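K.L.:
Model the following, please.
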Amino acid sequence: MKRIIILLSAFFFLFISVTPAQENLKQIRSNVIENINGKDYYIHTVKKGQTLYMISKAYGADIDEVIKENPEVKEGIYAEQKIRIPVNNPADQSKKIPKPNIPESNELKPEVPAEVELPCKQIDQGRNKSYNVALMLPLVLGEVLNMDVENNSSRSENDYRSLRFIQFYEGFRIAVDSLEKTGISLKLYVYDVDKDTSRTKRMLRNPEMKNMDLIIGLLYQKNFQLVADFAQKNGINIINPLSEREQIITDHSRVFKVMPSNASQISHLAEILANEFPDQNIVIARNRQYSDLNVADSLNMECSKRKVQTIITEGYGPAIENLSKEKGNVMVVFSENKVYAIELLTKLNEIRNDYNLTIIGLPRWDKLDGLETDYLVNMKVHVMAPSFIDYQDKDVKKFVLNFQDHYKTDPEPLAFQGFDVAYYFLSALQKYGKNFGQCIPELHMKSLQTDFRFSQSNDNGFENQHWEMYEYENYQLKRVGK
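P.N.:
Numbering: from 1, shown residues only. You can find the predicted model right below:
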C-alpha cells in the first residue's frame, strides 16, 4: 500500500518526458556474412530494444524484403533472434565471418509485442517527432493525504477511491517504458479528473491542451462528452478504454471506443461457427425474455452468408428436440437471465451423455455469477467477452513478472488493459502521426488480453469489433480460435 501512496503523491503537477533512444544506426550492423543457397546475407542478431524498422534502416534494406527473407518476423522479433539481411553492396563481400555458435535462450520473449510493417506505410510520418499525450484518470488525489493505511490493514486497495484505477496507469507506464526503447518521443501529461464537470472545463482551458496529439481518458460520461467535443473541435484523437455505450462515437469522428458493442458479436460469432465448428448441427435458442429478439435472425443471416446452416427455435425445449445424435451440436443461447441459464444447464446436464453438445452463451455470460462450474465443463460452455488473459502465454508471463518487479503486487485486468491501450495507440501515433485514423483499421499487433479491430461508419468514431471466445475445458479456461 505504501508504494502506491508514494506514487500517487508524485502525481501532483505530474509531467513525464520520454526522450528517444539515441543510437547510431551504422553501429548496430553485423559484420557476419553468410552465403545461403548462393546468396549472401548479413546475419543480424537482434538486441533488446531494436525494431524491425530500425534494423532494416541500419542496413539500407527495404523492410518488405527483410520480411520476405524472414517470414517468421511477421509474428514479432525478440532479443538474440537471428535475421538474414540481403547483402546488396558487393564491397561488403570481403567481411565474411563464420557464424558463431550461440545456444538457444529459454527466457520468455519478446519483452514487448514487436512491430509489424503495414500496407499503410506511406503515411509513416511519426518517427522523428515528439508527441504530447494526455492521460486522464479519476485518481481522486485529494483523498490521498487522508488515507490511514496503518489502521486499515483489513481494507483492500479497491476500498480507496484513489486506488481503483491506479493499475491502469501502472500498466500504461510499463508500455511507455517499453516503447521508449524503440525510439518513441513522448511528453506524457497525467490529469486527475473526477465527476466535477466544472473542473474538467477548467482543465480544458489550460493552454497546453490544444497542443495535445492524443488524449486517453477514463472519464465519467458527462466529462467524456466535454473532452470529446473539445477533441473534435481541435482535431485530436481521443481514446475511451472502458465505456460500452455505443453513443460515445456518434458524430465524433475522433473518438476510438475500445470496448466492442454487443451488436458486433454477431458477425464475429458467425465467423467462429464457420471456422471452428464446420459440419455441426447449429441450433439457435431464442429466449422470449431476451431484450433483443431480432439478434437471432441477425446471426442466422450472418451464418447464411458463410454457408453455415442453422435452426432457430423459441426457447430451449424445442432446441433440445432439434439436437442430433449423429453429429456434434452447437446450441447458441441468447439470455441475460442467470436463472434461465442455470435452468437450461441443469436440463442439458441430465442428457449430456446422449449428445455431443457445445453451448455458446450470449451476450455476456462472463457476467453471470453463480453458474455451476461442473455444468460449464460438462456442456463445454463457450463464452464471448471483450478480453481474455491467457496466463500460460509467454508474453503474459513476462508482463506479470515485470509488473511484480516494478510495483510489488500482482497485475489485475485493468493493468493489462492499460498496457494494451498504451502500446497499441502510442505505436499508431509513432508510426502514422496524430491523424492515424485512416490507417488504424490495418494496424494489427499481438496484445496481452485482446485484439484491436477498429471500423468506422459515416461521420462517427471508431469502434473495436473484436471479441474473444473462451471455453471451459478440464476446469480451465482456454481461448478458442488462436
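K.L.:
Going by C-alpha atoms from here, please, whenever you check contacts or count neighbours.
P.N.:
Noted.
K.L.:
list the buried ones in stretch 430-442?
P.N.:
If you call a residue buried by 16 or more other CA atoms under 10 Å, then stretch 430-442 has these buried ones: 430-437, 439-441.
K.L.:
swap in stretch 327-340?
P.N.:
For stretch 327-340, by 16+ other CA under 10 Å, it's 328-336.
K.L.:
what's next to that stretch, contact-wise?
P.N.:
277, 280-287, 289-290, 296, 319, 323, 341, 355-365, 368-371 (CA atoms under 8 Å, 6 or more residues apart in numbering).
K.L.:
Low-confidence regions, the stretch 151-300 of the chain specifically.
P.N.:
Scanning the stretch 151-300 of the chain for pLDDT under 70 picks out the ranges 151-162, 290-293.
K.L.:
where exactly do the strands run in it?
P.N.:
Secondary structure of the stretch 151-300 of the chain (DSSP state E, counting those that start in this stretch): strands at 186-192, 214-217, 237-240, 255-257, 281-286.
K.L.:
export those to a markdown table and tack on distance to residue 206?
P.N.:
Output for the strands of the stretch 151-300 of the chain, formatted as a markdown table (distance: least, CA to CA, whole Å):
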| stretch | distance to residue 206 |
| --- | --- |
| strand 186-192 | 11 |
| strand 214-217 | 14 |
| strand 237-240 | 17 |
| strand 255-257 | 21 |
| strand 281-286 | 52 |
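K.L.:
any chance of those strands in a markdown table, with distance to residue 223 and mean neighbour count too?
P.N.:
Below are these laid out as a markdown table (distance: least, CA to CA, whole Å; neighbours: other CA atoms under 10 Å):
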| stretch | distance to residue 223 | mean neighbour count |
| --- | --- | --- |
| strand 186-192 | 12 | 20 |
| strand 214-217 | 10 | 23 |
| strand 237-240 | 12 | 24 |
| strand 255-257 | 14 | 25 |
| strand 281-286 | 38 | 24 |
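K.L.:
Of these, which is nearest residue 401?
P.N.:
Proximity to residue 401, assessed across the strands of the stretch 151-300 of the chain by CA to CA, is greatest for strand 186-192 (24.7 Å).
K.L.:
three-state assignment of residue 358?
P.N.:
strand (DSSP: H, G, I helix; E, B strand; the rest coil).
K.L.:
er, residue 41 I mean
P.N.:
Residue 41 - assigned by three-state DSSP - is strand.
K.L.:
do you know how far it is from residue 35?
P.N.:
Note on residue 41: its distance to residue 35, by CA to CA, to the nearest Å, is 6 Å.
K.L.:
What of residue 65?
P.N.:
In terms of CA to CA, residue 65 sits 17 Å off from residue 35.
K.L.:
Show me the buried residues of stretch 327-340 that map onto helices.
P.N.:
With helices taken from DSSP state H, there is no overlap with the buried residues of stretch 327-340.
K.L.:
got CSV for these, with distance to residue 306 and pLDDT too?
P.N.:
Below are the buried residues of stretch 327-340 laid out as CSV (distance: CA to CA, whole Å; pLDDT from 0 to 100):
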residue, distance to residue 306, pLDDT
328, 19, 94
329, 18, 95
330, 16, 95
331, 18, 95
332, 17, 94
333, 20, 92
334, 21, 89
335, 24, 85
336, 27, 84
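K.L.:
Pull the most distant pair out of those residues.
P.N.:
Taking CA to CA, no two of the buried residues of stretch 327-340 sit farther apart than 328 and 336, at 25.4 Å.
K.L.:
that older thread, what is the nearest of the buried residues of stretch 327-340 to residue 218?
P.N.:
residue 336 (26.5 Å).
K.L.:
residues contacting residue 411?
P.N.:
Counted by CA under 8 Å, 6+ apart, residue 411 has contacts 167, 400, 403-404.
K.L.:
Now list the buried members of these.
P.N.:
Applying a neighbour-count criterion of 16+ other CA under 10 Å, the buried members of the contacts of residue 411 are 167, 400, 403.
K.L.:
more neighbours, residue 41 and residue 35?
P.N.:
Per other CA atoms under 10 Å, whichever of residue 41 and residue 35 has more neighbours is residue 41, with 20 against 14.
K.L.:
per-residue pLDDT, the nearest residue to that one once chain neighbours are set aside?
P.N.:
Excluding the flanking residues, the one nearest residue 41 by CA to CA, 6 or more residues apart in numbering is residue 86, at 4.5 Å. The model reports residue 86 with a pLDDT of 89.
K.L.:
How about the contacts made by residue 86?
P.N.:
Contact analysis of residue 86 by CA under 8 Å, 6+ apart lists 39-42, 61, 66.
K.L.:
among those, who's most crowded?
P.N.:
residue 42 (25 neighbours).
K.L.:
For it, which non-adjacent residue is spatially closest?
P.N.:
Residue 42 sits nearest to residue 33 (CA to CA, 6+ apart), 4.4 Å away.
K.L.:
go on, residue 323?
P.N.:
Nearest one to residue 323, counting by CA to CA, 6+ apart, is residue 329 at 6.4 Å.
K.L.:
now the helices for the stretch 251-400 of the chain?
P.N.:
Secondary structure of the stretch 251-400 of the chain (DSSP state H, counting those that start in this stretch): helices at 265-276, 295-305, 316-321, 338-350, 373-378, 394-407.
K.L.:
what would the ones you listed look like in a markdown table with distance to residue 70?
P.N.:
Output for the helices of the stretch 251-400 of the chain, formatted as a markdown table (distance: least, CA to CA, whole Å):
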| stretch | distance to residue 70 |
| --- | --- |
| helix 265-276 | 28 |
| helix 295-305 | 36 |
| helix 316-321 | 50 |
| helix 338-350 | 49 |
| helix 373-378 | 41 |
| helix 394-407 | 21 |
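K.L.:
Select, out of those, the one closest to residue 56.
P.N.:
Of the helices of the stretch 251-400 of the chain, nearest to residue 56 by CA to CA is helix 394-407, at 24.5 Å.
K.L.:
got the angle between whatever helix or strand comes next after the closest one and helix 394-407?
P.N.:
Using DSSP states H and E, the next helix or strand after helix 394-407 towards the C-terminus is helix 413-432. Interaxial angle of helix 413-432 relative to helix 394-407 (axes from the mean of the first three to the mean of the last three CA atoms, to 10 degrees): 110 degrees.
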